[in-house]
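Novice: Following is a predicted model, sequence given first.
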Amino acid sequence: MLESIGVTEIDPGAVIDTLTFEERKALSNWQSVIYLSKLWIVDETTTALTVNGRDILYKLMQNIRDQGGAVLFISHDIEEIMKICDSLTILRDGVLTAELSKDEFEEEKIKQLMIGREMSAHYYREDEKENYQEEAALETKNLCCQSLKDINVVLHKGEILGVGGLSDCGMHDLGKAMFGLLKPDQGQVLMNGANKVKSARWSVEHGIAYLSKNRDREALMTIYCIKIISVFLRLKIWLKEES
């Protein structure tokens with residue numbers, strides 16, 4: 001089945017837990033289209049896929065269309081929308097803004113319809129600059145940890161700092177290390193220039209939060225939820241019997 005859609009790098013006999021997040025995400029998508037249906041809804045899926053995963057997904061979408069089916073493709077990536085889609089429906093704040101055919105696709109026009117105003121070279125709000133301070137809120141010094149090698153990053157107070165890259169480039173390890181989930185092999189993470197980040201518990205106590213990329217596996221304590229529900233049900237049954 002995997003070979004039929006061009007997937008050769010994943011071992012069908014592998015245990016799911018041994019695969020990367022991207023591979024698991026891709027498998028869940030491919031699984032839904034192995035038995036081709038007339039309508040396939042793809043909602044913001046490509047953001048979690050590698051370049052190869054995206055190419056496979058695009059081919060599957062085209063195959064469904066060519067076989068008489070339809071694909072509802074939801075995305076904020078204008079470049080891939082213009083490349084893949086035959087028609088475009090634009091929503092803004094839940095309201096239908098426009099419906100465009102392929103020959104009407106223009107990047108600037110789509111952006112304007114999406115945000116409700118013309119885009120210029122100036123993207124940022126002026127008032128946010130007033131909150132910026134030179135003082136560091138969080139920083140790393142010569143940080144080495146797993147995929148990270150000698151990383152020096154400074155997050156200033158009042159600043160929004162974005163770190164991006166391809167899958168497995170180390171950006172998620174950086175977030176975990178700055179939060180205290182990963183212990184540095186070398187270097188350190190400092191809060192307010194002096195306080196060393198010791199652990200995730202220490203970070204929470206000092207007002208630092210971390211949102212995991214893989215929230216269903218790393219951010220939810222499902223085993224404890226199950227235990228709590230189990231205790232609640234037993235208590236409910238006991239109270240009913242007592243009454």
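Specialist: Right, received. Where do you want to start? Since the model is a prediction, treat every value here as computed from it, not as a measurement.
Novice: Low-confidence bits of this protein, can you list those?
Specialist: 33-37, 48, 118-129, 243 (pLDDT under 70).
Novice: quick one, domains of it?
Specialist: Domains of the chain are assigned by automatic domain parsing as 3-85, 131-210.
Novice: Quick one: the helices in this protein, in order.
Specialist: Here the chain has its helices, by DSSP state H, at 21-34, 51-66, 78-84, 107-115, 171-179, 200-205, 215-218, 222-242.
Novice: follow-up on the earlier one: tabulate the domains of the chain (TSV), appending mean neighbour count and distance to residue 222.
Specialist: All C-beta atoms are positioned from the backbone trio N, CA, C, and that covers glycine. Putting the domains of the chain into TSV (neighbours: other Cβ atoms under 10 Å; distance: least, Cβ to Cβ, whole Å) gives the following:
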stretch	mean neighbour count	distance to residue 222
domain 3-85	14	14
domain 131-210	15	18
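Novice: Let's see stretch 131-146 as PDB, backbone CA atoms only.
Specialist: C-alpha atoms of stretch 131-146 as PDB (Å, rounded to 0.1, in the frame of the first residue of the first chain):
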ATOM      1  CA  ASN A 131       7.900  47.500  24.800                       C
ATOM      2  CA  TYR A 132      11.300  46.400  23.600                       C
ATOM      3  CA  GLN A 133      14.100  46.500  26.200                       C
ATOM      4  CA  GLU A 134      17.800  45.800  25.900                       C
ATOM      5  CA  GLU A 135      17.800  43.700  29.000                       C
ATOM      6  CA  ALA A 136      17.800  40.000  28.300                       C
ATOM      7  CA  ALA A 137      14.800  38.000  29.600                       C
ATOM      8  CA  LEU A 138      16.200  34.600  28.500                       C
ATOM      9  CA  GLU A 139      19.500  33.700  26.900                       C
ATOM     10  CA  THR A 140      21.800  30.800  26.100                       C
ATOM     11  CA  LYS A 141      25.600  30.900  26.300                       C
ATOM     12  CA  ASN A 142      27.600  28.300  24.300                       C
ATOM     13  CA  LEU A 143      24.800  25.800  24.700                       C
ATOM     14  CA  CYS A 144      25.500  22.300  23.600                       C
ATOM     15  CA  CYS A 145      22.800  19.700  23.900                       C
ATOM     16  CA  GLN A 146      21.900  16.800  21.600                       C
END
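Novice: Could you report the distance from the nearest residue to residue 153 once chain neighbours are set aside to residue 195?
Specialist: For residue 153, ignoring the flanking residues on the chain, the nearest one in space by Cβ to Cβ, 6 or more residues apart in numbering is residue 140 at 4.8 Å. The gap separating residue 140 from residue 195 is 14 Å, by Cβ to Cβ, to the nearest Å.
Novice: Can you say which of the domains of the chain is nearest to residue 110?
Specialist: domain 3-85 (5.5 Å; Cβ to Cβ).
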